[in-house]
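In: From the sequence below, what's the structure:
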Amino acid sequence: MAYFFSGAELNSLTILQMISVFFGTVMAAPLMVSKKANKRIIGYTAMAIGCIAAILVQVSAGLYIFILANLYWVLNSIIAIRKNSKLKK
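Out: Numbering: from 1, shown residues only. Below is the predicted model of the structure:
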């Protein structure tokens, strides 16, 4: 196994956690508050990707209540994408 930072294993769950943080927070937050509809759509898509990655990690850890919370954010992202797509037209 590959190791990173302080010796933690770099396995598939760790990669999914990093994807979740990168897409769900680092990439999504500045894009979702943009004035341009295209950037907001990209931000909401990144948020949905991050939440889906988090759901996969939570399933493996048995954190089922958190899965419901992330499903809520995925649903909100989909609704926002649809609204912003209509604004773009």
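In: Per-residue pLDDT of the residue nearest the centre of the chain, please?
Out: Closest residue to the average C-alpha location of the chain: residue 50 at 1.5 Å, with Cα atoms, centre = their mean. pLDDT for residue 50: 92.
In: starting at the chain centroid, how far to whichever strand or helix holds it?
Out: Using DSSP states H and E, the element containing residue 50 is helix 37-61. Its chain's C-alpha centre and that of helix 37-61 lie 2 Å apart, by Cα atoms, centre = their mean, to the nearest Å.
In: Quick check: which helices or strands does that helix pack against?
Out: When contacts are defined as 3 or more Cβ pairs under 8 Å, 6 or more residues apart in numbering; DSSP states H and E, helix 37-61 sits against helix 12-21, helix 28-32, helix 64-88. Every C-beta, even on glycine, is put in place using the N, C-alpha and C of the backbone.
In: Name the residues of it that are buried.
Out: Neighbour-count burial for helix 37-61, with 16 or more other Cβ atoms under 10 Å as criterion, is recorded at 40-58.
In: pretty sure residue 78 is touching residue 48, no?
Out: Yes. At 6.7 Å, residue 78 counts as touching residue 48 under the criterion of Cβ atoms under 8 Å.
In: quick one on the thing from earlier: ok, residues contacting the helix holding residue 50?
Out: 13, 16-17, 19-25, 27-34, 64, 66-67, 70-71, 73-74, 77-78, 80-81, 84-85, 87-88 (Cβ atoms under 8 Å, 6 or more residues apart in numbering).
In: If any of these are buried, put those into a PyMOL selection.
Out: Selection of buried members from the contacts of helix 37-61 for PyMOL, criterion 16+ other Cβ under 10 Å:
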select buried, resi 16+19+20+23+24+27+28+31+32+67+70+73+74+77+80+81+84
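In: where does the residue nearest to the centre of the chain sit relative to residue 78, distance-wise?
Out: 14 Å (Cβ to Cβ, to the nearest Å).
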